[in-house]
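Q: Curious how this folds, go ahead:
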Amino acid sequence: MRRIVSVWLIDWPVTVMARSAGPLAPPDPFAQAAGPLALILKTARGAVIHALNPAARAVGLSRGQTQADALAMIPHLDCRPADPEADARALRALAVWAERWSPSVSVDASDGGLEGLFLDVTGAAHLFGGEAALITQIERRLADAGARSRAAIAPTPGAAWALARWGMARRIAADDARDLLAPLPVEALRIDAATMRQARRFGLKTIGDLYPMPRAGLARRFRDVDGAGLVRRLDQALGLTAEALIPVRAPAKYRGWEAYAEPLTDTAGIEARAPGLAESLSRALERDGQGARVLTLTAFRVDGRTSEISVHMGRASREVKVWLRLFRETGFERIDPGFGVDALMLSADVAEPLAAHQVEMGQEAAARQAEGLAALIDRLSARLGEDAVRVASPAGSWLPERAERWRPALASAPVLVEGPATHERARPLMLLDPPEPVEAIAELPDGAPARFTWRRVCRRVARADGPERLSPEWWRPRADGRQVRTRDYYRIEDDQGLRYWLFREGLYGPEYMGGPDERAPSWWMHGMFP
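A: Just a heads-up that it's a prediction; the model follows:
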């Protein structure tokens, strides 16, 4: 007979926040003396409550309530941002940890604070002293880890889920499922909110109220909502319809390992064994269609200590020659063999899918150049250090001097959260930071310069394009305290064929009325085109 354990992780988002926020987290959001706390989620209808601690629910707050209404009720409410993605990652990590009780652990991604796990313990409960002892052990171990939980075991996932959240009993057999589920509320069937409201409108308050109703008639009565889902959930809970559970699997660990009867006492011996480890690791990666981006060579010394070196790559690879070259650039001599090394391990700390790419006809040279550049970056980073090789990446700002950030070349590209991602207009390869002052003669109010003087050299303008207006970032004051003003950019070519990027800071009109205390618009050189 199948036996499924459902573990309800009570207030899981609050638990994740409390364990991951460090010193910013409240001492214990579940303590009796703790104040009301709410996790806020930004939605289309505004900021709403995503999760609450017991103190917040005790004063009448509820999930889905707007933050404004909650603060009107409880002005001293502690509001913190919710992070559903972090909650999901933590739930998957917990599922991998829970494999100590079952080889098949699935994530129960129910919303509304009903998140949890499903553990298939068929034929395994006796290993933990029986089903009652197993439930007690699960709850105790989770409590020691700081997670409040409630577990129940039943023949079906639906029945176990209902008992863990609404049932008085914690264990039911197959013959007792129908009777023990009958007094539970309809929402114990894992139905959506619309179907639950419809059931209450029809006077169906408990699961037992659904038993005498024909399945076809029940589906028709709930045809305006998820009637088929209601029938399916009922049959799944009673065991009349099978429910598949998809177990969570830990990421595969790729490593090559060798142990030696005679310890290796020098760096040359370690370097001589590295190709064999690399070949073994490469075959394992190739079998699964993976490539390594981070490799670590670990030496296990006879005194019980370890010494290791790591290499990072911008692109996933399983080329043994490339790996060995990077390790040589990093330096095998950085491994301290101590009194001898009796084992070596080469592991792929970060692995990614690696598939063959079809190069378009005529793009072979560009593809080889990209591969060569990636290899050069890898070698320079290995020799000089990751922080020594940097590239520019877009940043969230409209101002050109703030539109790029320098990051390590091997780091993943950051996500642009605000501001323009790309520019339709051309930008110069060289920017002056800070921009240098220019004396210009231009037609007012928005004309391009006809002549300008920069670095004491007067230049006559032959061609001009613009203006390109960039509004000021009023929320970012200048470091020197000056007023942040609008910029008009012009692309300029002088009579010698040299091209520049000039801007006028400030506008004639609303931003400058000619008063004695006002600063007139000024011209600045910001960059040069090749």
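Q: Spatially nearest residue to Gly158, not counting backbone neighbours?
A: Ala237 (3.3 Å; CB to CB, 6 or more residues apart in numbering). Heads up, the C-betas are built off the backbone N, CA and C, glycines and all.
Q: what mean pLDDT would you report for the stretch of helix or strand the one you found belongs to?
A: For Ala237, the host element (DSSP states H and E) is helix 227-238. The pLDDT scores in helix 227-238 average 88.
Q: now it, how far from the centre of its chain.
A: Taking CA atoms, centre = their mean, to the nearest Å, one finds helix 227-238 lying 34 Å from the centre of the chain it belongs to.
Q: which residues touch it?
A: Contacts of helix 227-238 with the rest of the structure, by CB atoms under 8 Å, 6 or more residues apart in numbering, involve 156-159, 161-162, 177-178, 181, 189-192, 195, 199, 207, 210, 215, 218-222, 241-243.
Q: Same question for stretch 281-298.
A: Stretch 281-298 is touched from outside by 252, 254-256, 270, 274, 277, 306-320, 323, 326-327, 335, 344-355, with contacts defined as CB under 8 Å, 6+ apart.
Q: pLDDT averaged over it, what's the number?
A: 91.
Q: Would you mark the buried spots in that stretch?
A: Residues of stretch 281-298 classed as buried under the neighbour-count rule (16 or more other CB atoms under 10 Å) are 281-282, 284-285, 290-293, 295-298.
Q: shaky segments in the stretch 351-500 of the chain?
A: Residues of the stretch 351-500 of the chain meeting the criterion pLDDT under 70: 356-360, 362, 367, 412-425, 477-483.
Q: let's see it at 90
A: For the stretch 351-500 of the chain, the stretches with pLDDT under 90 are 351-435, 443-447, 466-487.
Q: Show me the helices in it, by range?
A: For the stretch 351-500 of the chain, the helices defined by DSSP state H, counting those that start in this stretch cover 364-384.
Q: For Leu210, give its distance to Arg487.
A: 68 Å (CB to CB, to the nearest Å).
Q: out of the two, which sits in the busier spot?
A: Using other CB atoms under 10 Å, the more surrounded residue of Leu210 and Arg487 is Arg487, with 23 against 19.
Q: returning to what we had before: drop anything exposed from the contacts of stretch 281-298.
A: Buried residues within the contacts of stretch 281-298, counting neighbours by 16+ other CB under 10 Å: 254, 256, 270, 274, 277, 307, 309-318, 320, 323, 326-327, 335, 344-348, 351, 354.
Q: Show me those that map onto strands.
A: 254, 256, 307, 309-317, 344-348, 351 (DSSP state E).
Q: ok, now how distant is the residue sitting nearest the centre point of the chain from Phe222?
A: Closest to where the C-alpha atoms of the chain average out (CA atoms, centre = their mean) is Glu85, at 6.4 Å. Look at Glu85 and Phe222: by CB to CB, they are 33 Å apart.
Q: cool, Arg407 as well?
A: Remark: distance between Arg407 and Phe222 (CB to CB) = 54 Å.
Q: Just want to know which of the two has more residues nearby.
A: Phe222 (21 against 16).
Q: That one contacts Arg200, correct?
A: No - between Phe222 and Arg200 there is no contact under CB atoms under 8 Å: 12.0 Å.
Q: need the contact list for Leu267.
A: No Leu there; residue 267 is Thr. Going by CB under 8 Å, 6+ apart, the list of residues near Thr267 reads 332-333, 335, 337.
Q: Please apply the same query to Ile135.
A: Applying CB under 8 Å, 6+ apart, we find Ile135 in contact with 5, 151-153, 170-171.
Q: For it, report the pLDDT, please.
A: Reported pLDDT for Ile135: 94.
Q: So it, which state does it fall into?
A: At Ile135, secondary structure determined by DSSP: H, G, I helix; E, B strand; the rest coil is helix.
Q: Tell me the spacing between it and Leu142.
A: For Ile135, the distance to Leu142 - CB to CB - is 11 Å.
Q: Check Ala125 too.
A: To Leu142, Ala125 is 18 Å away according to CB to CB.
Q: export the helix or strand hosting Leu142 as PDB, just CAs?
A: Taking DSSP H and E as the criterion, Leu142 maps to helix 131-144. Provided in PDB are the C-alpha atoms of helix 131-144 (Å, rounded to 0.1, in the frame of the first residue of the first chain):
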ATOM      1  CA  GLU A 131       5.100   6.000  10.900                       C
ATOM      2  CA  ALA A 132       4.400   7.900  14.200                       C
ATOM      3  CA  ALA A 133       8.100   8.000  15.000                       C
ATOM      4  CA  LEU A 134       8.900   9.200  11.400                       C
ATOM      5  CA  ILE A 135       6.400  12.100  11.600                       C
ATOM      6  CA  THR A 136       7.800  13.100  15.000                       C
ATOM      7  CA  GLN A 137      11.400  13.000  13.700                       C
ATOM      8  CA  ILE A 138      10.600  15.100  10.600                       C
ATOM      9  CA  GLU A 139       8.900  17.800  12.700                       C
ATOM     10  CA  ARG A 140      11.600  17.800  15.300                       C
ATOM     11  CA  ARG A 141      14.500  18.000  12.700                       C
ATOM     12  CA  LEU A 142      12.700  20.900  10.900                       C
ATOM     13  CA  ALA A 143      12.100  22.700  14.200                       C
ATOM     14  CA  ASP A 144      15.800  22.400  15.100                       C
END
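Q: Centre of the chain to it, how far?
A: Worked out by CA atoms, centre = their mean, helix 131-144 lies 31 Å from the chain centre.
Q: Which positions within that helix qualify as buried?
A: 131, 134-135, 138-139, 142.
Q: Which member of those residues is positioned nearest Leu9?
A: Using CB to CB, Leu142 comes nearest to Leu9 of the buried residues of helix 131-144, at 7.6 Å.
Q: So the closest one is in contact with Ile10, correct?
A: No - judged on CB under 8 Å, Leu142 makes no contact with Ile10 at a distance of 9.8 Å.
Q: which residues are common contacts for the two?
A: 148-149.
Q: TSV for the buried residues of helix 131-144, including distance to Met361?
A: Shown next, in TSV, are the buried residues of helix 131-144 (distance: CB to CB, whole Å):
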residue	distance to Met361
Glu131	65
Leu134	62
Ile135	64
Ile138	59
Glu139	63
Leu142	58
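Q: Show me the two of those residues that sit farthest apart.
A: Most distant of the buried residues of helix 131-144, by CB to CB, are Glu131 and Leu142, 16.9 Å apart.
Q: returning to that earlier point: what about the residue nearest to the centre of the chain, which SS state?
A: helix.
Q: With Gly338 instead?
A: Taken by three-state DSSP, the conformation at Gly338 corresponds to coil.
Q: separation between it and Val311?
A: 22 Å.
Q: With Ala520 instead?
A: Counting by CB to CB, the gap from Ala520 to Val311 is 56 Å.
Q: Figure out how far stretch 69-89 is from the centre of its chain.
A: Its chain's C-alpha centre lies 19 Å from the corresponding centre of stretch 69-89 when counted by CA atoms, centre = their mean.
Q: neighbouring contacts of that stretch?
A: With CB under 8 Å, 6+ apart as the test, stretch 69-89 has contacts from 12-13, 16-17, 20-21, 26, 35-41, 49-51, 56, 59-61, 67, 109, 115.
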